[in-house]
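Participant: I'd like to go over a predicted model; first the sequence, then the structure.
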Amino acid sequence: MGAVAELEALIEQPFELLQEMERRSRAALAGKAGGDLQSEWVGIGFRIGQENFVADRNQVREVLMLPDATTRVPGTKRWVLGIANLRGHLLPLIDVKLLLGGGRTTLRRTTRVISVNHREIPAGLIVDEVLGFRRFTDSDFSETWPETAVRCDTFLKGAYRRGNDVWPIFGLREFVESSTFLQAAAD
C-alpha cells in the first residue's frame, strides 16, 4: 500500500507523477529483462539558422506558436522583439539568433517560441523551428561539439551524437542568466 500512497502524494504534481511512473516502469522492465537499462536523456530539439540544438526538457516550460500581437518595448536592444500577453502572463520575446550574432530570425510558419522554465526570468526564445523530443542514451554523449555559426559556445554543455547527426546541448538557464541576455537596455 506504501507504493500507492507515494503516487497519490504526487497527484498535484503531474510532471513529477509521470516521472515517477516512468522510473517504476523502467525498473520493472529492467528486473524482467534481468539487466540494467541504459540511462536515457530527453531534450527538446530546435533549430537556430541552419544548426540543430537540443535543450534539457526540464528547462523548457512550453513551446508556443508565435503570438499574433507583440508590444515593442522602447529603449531595448534590437533582439528584444517585444512583450506578448500569453494566457494572461507577459512574456518578453527574444530573437535568439540576433542576440547570438547570426542575424534576424525570419518569421515563418515554422517559427516557434520556447518558454524557458525559470522562476525569476520569464523569457520566450524565438527559434526558427522546434523539432520535437529527442532521446539519447549515455553512450551518445560527447564532451565536444563542432564549431557553431552562432556564437553560443559559452552556453553549450556537450553534445549528443547519433550517426552523422550532432546535437549540441544548449543550456537555456545559463543563457537567460548570462550578462549578455540580462543587458537588454539599448546603449
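Facilitator: Thanks, I have it.
Participant: Now N85: which helix or strand?
Facilitator: Assigned by DSSP states H and E, N85 falls within strand 80-86.
Participant: List the buried residues in that strand.
Facilitator: V80, L81, G82, I83, A84, L86 (16 or more other CB atoms under 10 Å). Every residue, glycine included, has its C-beta placed from N, CA and C.
Participant: Report all helices and strands that that strand contacts.
Facilitator: On a contact count with 3 or more CB pairs under 8 Å, 6 or more residues apart in numbering; DSSP states H and E, strand 80-86 meets strand 89-95, strand 124-127.
Participant: Could you dump the ones you listed into a markdown table and include distance to L64 and mean pLDDT?
Facilitator: A markdown table is the format used below for the helices and strands packed on strand 80-86 (distance: least, CB to CB, whole Å; pLDDT from 0 to 100):
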| stretch | distance to L64 | mean pLDDT |
| --- | --- | --- |
| strand 89-95 | 8 | 94 |
| strand 124-127 | 7 | 97 |
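Participant: winner for burial among those strands?
Facilitator: strand 124-127 (a mean of 24; mean count of other CB atoms under 10 Å).
Participant: and that strand, how far out from the chain's middle?
Facilitator: 10 Å (CA atoms, centre = their mean, to the nearest Å).
Participant: which strands and helices sit next to the helix or strand just after it?
Facilitator: Sequence-wise, the next helix or strand downstream of strand 124-127 (DSSP H and E) is strand 129-137. Packed against strand 129-137 by the contact rule (3+ CB pairs under 8 Å, 6+ apart) you find strand 40-48, strand 112-116, strand 156-162.
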